[in-house]
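Student: Fold the following for me, if possible:
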Amino acid sequence: MPKRSHPKRVPSYRHHKPTGQAYVELNGKRHYLGKHKTAESRAKYKRMIAEWESRGRRPLVEPCDLTVLELLDRFLEYASKYYRSPDGSPTSELACFKSIIAILADLYGETVAEAFGPRELKVARDAMIAKGWTRGTVNKGCSRARSIFRWAAEETLLSPAVYQGLTVVSGLRRGRCDAPEGRKVKPVRAEHIRAIKPYVPEQIWALIELQQLTGARPGELVGLRPADIDMSGKVWIATPNQHKTAHHGHDRTIYFGPRAKQIIQPFRSGRAVDKPLFSPIEAEQERLRKRRAARVTPTNQGNNPGSNRARVRRRSPRDQYDVASYRRSIQRACDKAGIPRWHPHQLRHNAAFDLRRRFDIEVARVILGHSSPSMTDLYGEFDRRKAVAVMEKVG
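Tutor: Model prediction:
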């Protein structure tokens, strides 16, 4: 039985005695390097090994042989490592790419990648529209599809002309395509926020209040730990490691004033500094405690507390919320309260509107963590009362 090569072993620089040539064997194929023991052959060996390592130890594939499915498989392997948070968890961008990859693989998996051009991208775009994606989502999907082929050109898997050809496909225009328009994110009505309070755990309600006071993104608060907060000043300051623009090298600061500090304090007491402030496990324990307190059947009758639990639960609470579980908790509460569903990112718009109304745009920009005032403008809803007051004077 032949020996299997060690997975981390680098193929050696070898001598082909009959011809006097140096060679290296990569993925079962022999590559000749020139005369043995010459500087040129050793330099060529080092270059081929470096290129082989950069390809993930895969064989070199000629562009004319690479299919779209093989290309997508290689890109997904790269994206699974690249689109990661500092803690190693995958970012939402990876899921977005997977949606595009599924469409491209279904339509053109067996197509030679070099033959993928503007017409094929437009067919994929029509498939996105058929799925009911909004115009903005379709345009982003096409942009992600182009970026896959741009990556392939960077890795010399395809000629740059393939990516350049895809750039001629323009984005969909409002009112000039079949894709529906996405709904603009607006602040939540105050009465709709208050309506869900009886139906959410105190941990979720604390997150809702903190978002309204600080303008933080949901993902910046759900994993917040005492260790992340500087409590030395009158205003507490948090600098989360994970946030939306961390990969651009931007810092994020969240400010907690007197009201926010009062919300955090009960969750901070007696908690280890490296544990999340808001725990679904604690929320579940509190729910069970309240249910036991409201029990009508005497404890010496019926089921004993905990005796009828399933051994293997379909969904066990974790030690911290994520954005999805936070959103689902709010939406379930909306259904119980009989109000239209809303999502936690809308609370950031509530804070932005309030900051823009009470202070100038620069204050709002700093608190919201935007790099430019133009981004803050997207969050600040137009205050019609100001326009009416002005027109009463000048109109």
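Student: what residue ranges in this structure are flagged as low confidence?
Tutor: Within the chain, the segments meeting pLDDT under 70 span 1-7, 60-64, 241-251, 299-316, 360-364, 366, 369-395.
Student: Spatially central, which residue of it would that be?
Tutor: For the chain, the residue nearest the mean C-alpha position is residue 92 (2.1 Å; Cα atoms, centre = their mean).
Student: what about residue 255, which SS state?
Tutor: With DSSP: H, G, I helix; E, B strand; the rest coil as the basis, residue 255 sits in strand.
Student: beta partners of it?
Tutor: Residue 255 forms beta bridges with residue 237, as assigned by DSSP bridges.
Student: ok now do it, which residues does it touch?
Tutor: Counting by Cβ atoms under 8 Å, 6 or more residues apart in numbering, residue 255 touches 214, 235, 236, 237, 367. Every C-beta, even on glycine, is put in place using the N, C-alpha and C of the backbone.
Student: Redo the residues you listed as CSV? Include neighbour count and distance to residue 346.
Tutor: Formatted as CSV, the contacts of residue 255 follow (neighbours: other Cβ atoms under 10 Å; distance: Cβ to Cβ, whole Å):
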residue, neighbour count, distance to residue 346
214, 24, 15
235, 12, 25
236, 17, 25
237, 14, 25
367, 19, 17
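Student: Could you work out the most separated pair of the residues you listed?
Tutor: 236 and 367 (13.7 Å; Cβ to Cβ).
Student: biggest helix in the chain by residues?
Tutor: helix 135-154 (DSSP state H).
Student: Tell me the buried residues in that helix?
Tutor: 135, 137-142, 144-153 (16 or more other Cβ atoms under 10 Å).
Student: show me where the stretch 201-350 of the chain has helices.
Tutor: 202-214, 218-221, 258-268, 280-293, 323-337, 345-358 (DSSP state H, counting those that start in this stretch).
Student: Quick one: those as JSON lines, columns for distance to residue 190 too.
Tutor: Below are the helices of the stretch 201-350 of the chain laid out as JSON lines (distance: least, Cβ to Cβ, whole Å):
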{"stretch": "helix 202-214", "distance to residue 190": "9"}
{"stretch": "helix 218-221", "distance to residue 190": "19"}
{"stretch": "helix 258-268", "distance to residue 190": "16"}
{"stretch": "helix 280-293", "distance to residue 190": "24"}
{"stretch": "helix 323-337", "distance to residue 190": "14"}
{"stretch": "helix 345-358", "distance to residue 190": "8"}
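Student: Out of those helices, which is closest to residue 65?
Tutor: So among these, helix 323-337 is nearest, using Cβ to Cβ, at 40.5 Å.
Student: Tell me the helices and strands packed up against that closest one.
Tutor: The contact analysis (3 or more Cβ pairs under 8 Å, 6 or more residues apart in numbering; DSSP states H and E) places helix 323-337 against helix 190-195, helix 202-214, helix 218-221.
Student: which residue ranges form the helices in the stretch 1-150 of the chain?
Tutor: 39-54, 68-82, 92-108, 118-130, 135-154.
Student: between the ones you listed, which one is nearest to residue 347?
Tutor: helix 92-108 (18.4 Å).
Student: Buried ones in the closest one, by neighbour count?
Tutor: Applying 16+ other Cβ under 10 Å to helix 92-108 flags 94, 97, 100, 101, 103, 104, 105, 108 as buried.
Student: Next, work out how far apart the fifth one and residue 121 are.
Tutor: Distance check for residue 103 against residue 121: by Cβ to Cβ, to the nearest Å, it reads 11 Å.
Student: Let me see the domain layout of this protein.
Tutor: 14-54, 68-166, 190-295+317-379 (automatic domain parsing).
Student: Put together CSV for these, with distance to residue 180 on each row.
Tutor: Shown next, in CSV, are the domains of the chain (distance: least, Cβ to Cβ, whole Å):
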stretch, distance to residue 180
domain 14-54, 43
domain 68-166, 5
domain 190-295+317-379, 18
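Student: Of those domains, which is nearest residue 181?
Tutor: domain 68-166 (5.8 Å).
Student: end-to-end on the closest one?
Tutor: With Cα to Cα, to the nearest Å as the measure, domain 68-166 spans 14 Å from end to end.
Student: cool, stretch 106-118 as well?
Tutor: 17 Å.
Student: Check stretch 218-238 too.
Tutor: Stretch 218-238 end-to-end distance (Cα to Cα) = 14 Å.
Student: Other residues contacting it?
Tutor: 207, 210-211, 214, 239-244, 252-257, 260-261, 264, 268, 271-278, 320-323, 326-327, 344-345, 348.
Student: and what of stretch 26-33?
Tutor: Under the contact criterion Cβ under 8 Å, 6+ apart, stretch 26-33 has outside partners 11, 13, 16, 21-25, 41-42, 44-45, 48, 52, 57-59.
Student: And the residues you listed, which of them are buried?
Tutor: If we count by 16+ other Cβ under 10 Å, the contacts of stretch 26-33 have these buried: 11, 13, 21, 22, 23, 24, 41, 44, 45, 48, 52.
Student: Wait, the second one touches residue 24, no?
Tutor: Just to be clear, that refers to residue 13. Yes - contact status for residue 13 versus residue 24: in contact at 6.3 Å, counting by Cβ atoms under 8 Å.
Student: Now the common contact residues for these two.
Tutor: Contacts common to residue 13 and residue 24, judged by Cβ under 8 Å, 6+ apart, are 33, 45.
Student: what residues are up against residue 259?
Tutor: 209, 213.
Student: Next one: it relative to residue 206, how far apart?
Tutor: Taken as Cβ to Cβ, the span from residue 259 to residue 206 is 12 Å.
Student: Ok, residue 340 next?
Tutor: In terms of Cβ to Cβ, residue 340 sits 23 Å off from residue 206.
Student: Comparing these two, which shows the higher neighbour count?
Tutor: Neighbours per residue, other Cβ atoms under 10 Å: of residue 340 and residue 206, the larger number sits with residue 206, 19 against 10.
Student: Could you find the closest non-adjacent residue to that one?
Tutor: Closest residue to residue 206 apart from its sequence neighbours, by Cβ to Cβ, 6 or more residues apart in numbering: residue 263 at 5.2 Å.
Student: ok, that neighbour - contacts?
Tutor: 206, 209, 210, 213.
Student: correct me, but the first one touches residue 267?
Tutor: Yes - proximity of residue 206 to residue 267 meets the contact threshold set by Cβ under 8 Å, at 6.6 Å.
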